[in-house]
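Q: Output the structure for:
(4 chains)
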There are 2 protein chains.
Amino acid sequence: MLVATLADVARRAGVSTATVSRIINNSPKPVADALRERVLAAVAELDYVPNANAQQLARADRSAVGVIVHDVSDPYFAEITRGLQRVATENGRLVIICNSYRDPERELAYVDLLHAHRTAAVVLTGSGYIDPATTARLDHKLRLFEATGGRVAVIGRHEHAGDAIVPENEHGGWLAGDALYRLGHTAIGVIAGPAHLTTTADRLTGLHRAAHDHGQTLTTDQIEYAGFDRNGGYAAAALLLDRNPGLTAIAALNDSMAVGALALLRERGLEVPSQISLIGFDDMPISVDVTPPLSTVRLPLEEIGARAMSLALREEGGDPQVEHVAAHLVLRGSTAPLQ
Amino acid sequence: MLVATLADVARRAGVSTATVSRIINNSPKPVADALRERVLAAVAELDYVPNANAQQLARADRSAVGVIVHDVSDPYFAEITRGLQRVATENGRLVIICNSYRDPERELAYVDLLHAHRTAAVVLTGSGYIDPATTARLDHKLRLFEATGGRVAVIGRHEHAGDAIVPENEHGGWLAGDALYRLGHTAIGVIAGPAHLTTTADRLTGLHRAAHDHGQTLTTDQIEYAGFDRNGGYAAAALLLDRNPGLTAIAALNDSMAVGALALLRERGLEVPSQISLIGFDDMPISVDVTPPLSTVRLPLEEIGARAMSLALREEGGDPQVEHVAAHLVLRGSTAPLQ
DNA sequence: TCCCCTTAGGTAAGCGCTTTCCTGGCAGGC
DNA sequence: GCCTGCCAGGAAAGCGCTTACCTAAGGGGA
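A: As a prediction, the model looks like this:
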């Protein structure tokens, strides 16, 4: 069985395609009830489903919105995506989720792809890349997309001068550092994310500033870069501890890594927080369920997603809008004063 | 600036649209190198990006594949989605992820939507609904989609007689129950998922069978239904314990609920596993990071996703294929012999 | 040298819709 | 009774591509 087309429905109902189209789309043009019923009946009998590609082509309207994330299965993005989806759904929009898996090339390819599909907007999440060439190419593509009528909103990125949600990464880093220094710790290790991501750089900057504010400095051997996930945290904690056995506190630049570090600490028989304090970042759902519950810097991820989608969906025009989202310190059981 | 079309490129390069199309799509038809270069130059100068809707319409080919999940931000689906995406990407396919949020109506709407977009396939994950009317409507839409050339693959669902990946939910339930009975527990409480989902029913059936095999029975007051998430588990555990203070073991039908139960147990001062054993289901990433680490029934989620996508992507025809995926018992620290 | 075959490239007919513009019929006003 | 105005519905022109088919030119064999 071939798929039924508008023309098939029209033929069956004995009307023109124009009429069927009008009825299906609830166009304002009035149509006699008898006709409407006949058409609707034909639609049902033929199990007609309009071809969205043809509709989009004919209407030249843009409806779906594309979302490019590093990895939906990462709780950080999962939470943001949830907010994104909620608002999109409230507005009757379809969301296309694309995982770049932190590969800049793939990210670039996805922008083209969403452009090709003439999505109404693309929202780009996740840290940007520090490499200027990549940034420039991305920006070019983004501008092009905007120039042809698409909207773009970015979350926590610097590269694009358009609508943006910017989480206070630097201030958050400062909050984490400040909390640790206040508790009396000075032998602090830092588990950073990948070095080429701006999120890492920003959070690290905050940490450095906190150190400075407390008359301390953070040296390079106190910092270990790793993947933004549990295993990264686990491995980095081991390296840090080997190099620096006297550590009394560790700041991890996200909660996944903190959880990994916690596992390593337990393995090494280091009691948290009595022997060593640990602080994370993001306040992912998992952080209350580990033992001890993680102190962390909270970023309202779901809300960030929701606000980004609102930005992406707002009507044409308007100046680029940049919304800052505050980070908050959440002290739980994994941090304690220096003994 | 309006978006450049094929015709614009053709005009600029001084060739016909056919030639441009052939060059862009690397069609087998030979084209002189000089022309090719001129066209490619024009493409670059105009920042031409083909309109995917028009292409799809003209070619009548299907490329993207739609995925309907309950909620990507749920680790269970996040993990499956990861597998789905991996295989799709390996095959150069775009994935459209749709969150039904466990709403049957939304699920139905998404099937229509993916049909309308003429996706190559849709893969449906997550438990099905026990309500026969919903099931019938869904099945009708799915068949229609198939009849018009789409493929469908389902994960862990009964309703559709097509390609399917079926995790051994019932056997998994049996494994969990059997493990508990073997340890000597008989005062067992069960935290079940939503009653209208088949996953719940299947896992529960396994549990009942295990009870029976050990000369026991599971009465209704030993079972508490809840949402498949942490809070559901937390609340259900409280109810179960209030009703049944002598419980020595709890089986939760997924790990998220088990984690919630664990939190409640801790609050009530009940030591796990010395005073009460706890077993989960799915082996989500979090289960190794809670204290004590969760005993559970492992389902290879990423692999399930990957296999479902392979099924969805295979060439036309072929008989419906049903692949079973084995569940395995994973004993960690949250279960212990009855004292 | 002529003819036919090959080949590079163009012409134009769709793909399945939407929408502008047009037509024919009817009611109401004079 | 005739003209005007209005209204329901249809005809057809695209939307931006792909591709089957056609044309013109060049090359080789007889």
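
Q: Please make it C-alpha for all contacts and neighbour counts, starting now.
A: Noted.

Q: Let me see the confidence value for the residue nearest to the spatial centre of chain A.
A: Nearest to the geometric centre of chain A sits A:T125, at 3.9 Å (C-alpha atoms, centre = their mean). pLDDT for A:T125: 90.

Q: for it, what are its contacts?
A: For A:T125, the contacting residues are A:V67, A:I68, A:V69, A:H70, A:V154, A:I155, A:G156, A:R157, by C-alpha atoms under 8 Å, 6 or more residues apart in numbering or on different chains.

Q: Could you rerun that using 10 Å?
A: Residues near A:T125 by C-alpha atoms under 10 Å, 6 or more residues apart in numbering or on different chains: A:67-71, A:77, A:80-81, A:153-157, A:164-165, A:305, A:308.

Q: Next: A:V297.
A: A:V297 makes contact with A:169, A:171-176, A:253-255, A:279-284, A:327-331 under the criterion C-alpha under 10 Å, 6+ apart.

Q: for A:Q85, same thing?
A: Going by C-alpha under 10 Å, 6+ apart, A:Q85 touches A:65, A:67, A:91, A:93-97, A:302, A:305-306, A:309, B:71, B:98-99.

Q: Would you mind measuring from it to A:A64?
A: 11 Å (C-alpha to C-alpha, to the nearest Å).

Q: Can you pull the residues that touch both of the two?
A: The contact sets of A:Q85 and A:A64 overlap at A:R93, A:L94, A:V95, A:I96 (C-alpha under 10 Å, 6+ apart).

Q: which two from the residues you listed end up farthest apart in space?
A: The most widely separated members of the shared contacts of A:Q85 and A:A64, counting by C-alpha to C-alpha, are A:R93 and A:I96 (9.7 Å).

Q: if I look at the two, which residues touch both of them?
A: A:A64, A:V65, A:Q85.

Q: Hmm, the first one is touching A:A88, no?
A: Yes: counting by C-alpha atoms under 10 Å, A:A64 touches A:A88, with 8.9 Å between them.

Q: residue in the stretch 51-200 of chain A nearest to DNA strand D?
A: Residue nearest to DNA strand D within the stretch 51-200 of chain A: A:A58 (3.3 Å; C-alpha to the nearest atom of the strand).

Q: Do the helix or strand harbouring that residue and chain B come into contact?
A: Using DSSP states H and E, A:A58 falls within helix A:52-59. Yes: contact of helix A:52-59 with chain B (C-alpha under 10 Å from any C-alpha of the partner chain) involves A:A52, A:N53, A:A54, A:Q55, A:Q56, A:L57, A:A58.

Q: Endpoints of stretch A:280-290, how far apart?
A: 12 Å.

Q: same thing with stretch A:150-167?
A: 24 Å.

Q: Next, count neighbours for the residue nearest to A:D202 when sequence neighbours are not counted.
A: Nearest non-adjacent residue to A:D202, counting by C-alpha to C-alpha, 6 or more residues apart in numbering or on different chains: A:E170, 4.8 Å away. Using other C-alpha atoms under 10 Å in any protein chain shown, A:E170 has 20 other residues around it.

Q: Please state the offset of the helix or strand A:E170 falls within from the chain centre?
A: If you go by DSSP H and E, A:E170 is part of helix A:169-182. Relative to the centre of its chain, helix A:169-182 is centred 22 Å away, using C-alpha atoms, centre = their mean, to the nearest Å.

Q: so what does the helix or strand following that helix touch, helix or strand wise?
A: Remark: after helix A:169-182, the chain's next helix or strand is strand A:188-192, criterion DSSP H and E. Under the contact criterion of 3 or more C-alpha pairs under 10 Å, 6 or more residues apart in numbering or on different chains; DSSP states H and E, strand A:188-192 touches helix A:169-182, helix A:198-213, strand A:223-225, helix A:230-243, strand A:249-252, helix A:255-267, strand A:277-279.

Q: So what's the model's average confidence on the second one?
A: Taken as a whole, helix A:198-213 carries a mean pLDDT of 96.

Q: try the first one
A: Confidence over helix A:169-182, taken as the mean pLDDT, stands at 97.

Q: could you give the angle of that helix to helix A:198-213?
A: 40 degrees (axes from the mean of the first three to the mean of the last three C-alpha atoms, to 10 degrees).

Q: tilt between helix A:169-182 and strand A:188-192?
A: Going by the same axes, to 10 degrees, helix A:169-182 is angled at 160 degrees with respect to strand A:188-192.

Q: now could you export just the CA positions of helix A:169-182 as PDB?
A: The C-alpha trace of helix A:169-182 is given here as PDB (Å, rounded to 0.1, in the frame of the first residue of the first chain):
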ATOM      1  CA  ASN A 169      30.700  29.400  36.100                       C
ATOM      2  CA  GLU A 170      33.400  31.600  37.300                       C
ATOM      3  CA  HIS A 171      31.500  32.800  40.400                       C
ATOM      4  CA  GLY A 172      30.600  29.200  41.100                       C
ATOM      5  CA  GLY A 173      34.200  28.300  41.000                       C
ATOM      6  CA  TRP A 174      34.900  31.100  43.400                       C
ATOM      7  CA  LEU A 175      32.100  29.900  45.700                       C
ATOM      8  CA  ALA A 176      33.600  26.400  45.900                       C
ATOM      9  CA  GLY A 177      37.100  27.700  46.500                       C
ATOM     10  CA  ASP A 178      36.000  30.300  49.000                       C
ATOM     11  CA  ALA A 179      34.100  27.600  51.000                       C
ATOM     12  CA  LEU A 180      37.100  25.400  51.200                       C
ATOM     13  CA  TYR A 181      39.500  28.200  52.200                       C
ATOM     14  CA  ARG A 182      37.000  29.400  54.800                       C
END
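
Q: Now do the buried residues in it.
A: Neighbour-count burial for helix A:169-182 flags A:169-181 (criterion: 16 or more other C-alpha atoms under 10 Å in any protein chain shown).

Q: looking just at contacts, which helices and strands does that helix meet?
A: Helix A:169-182 makes packing contacts with strand A:188-192, helix A:198-213, strand A:249-252, strand A:277-279, strand A:296-298, strand A:328-330 when contacts are defined by 3+ C-alpha pairs under 10 Å, 6+ apart.
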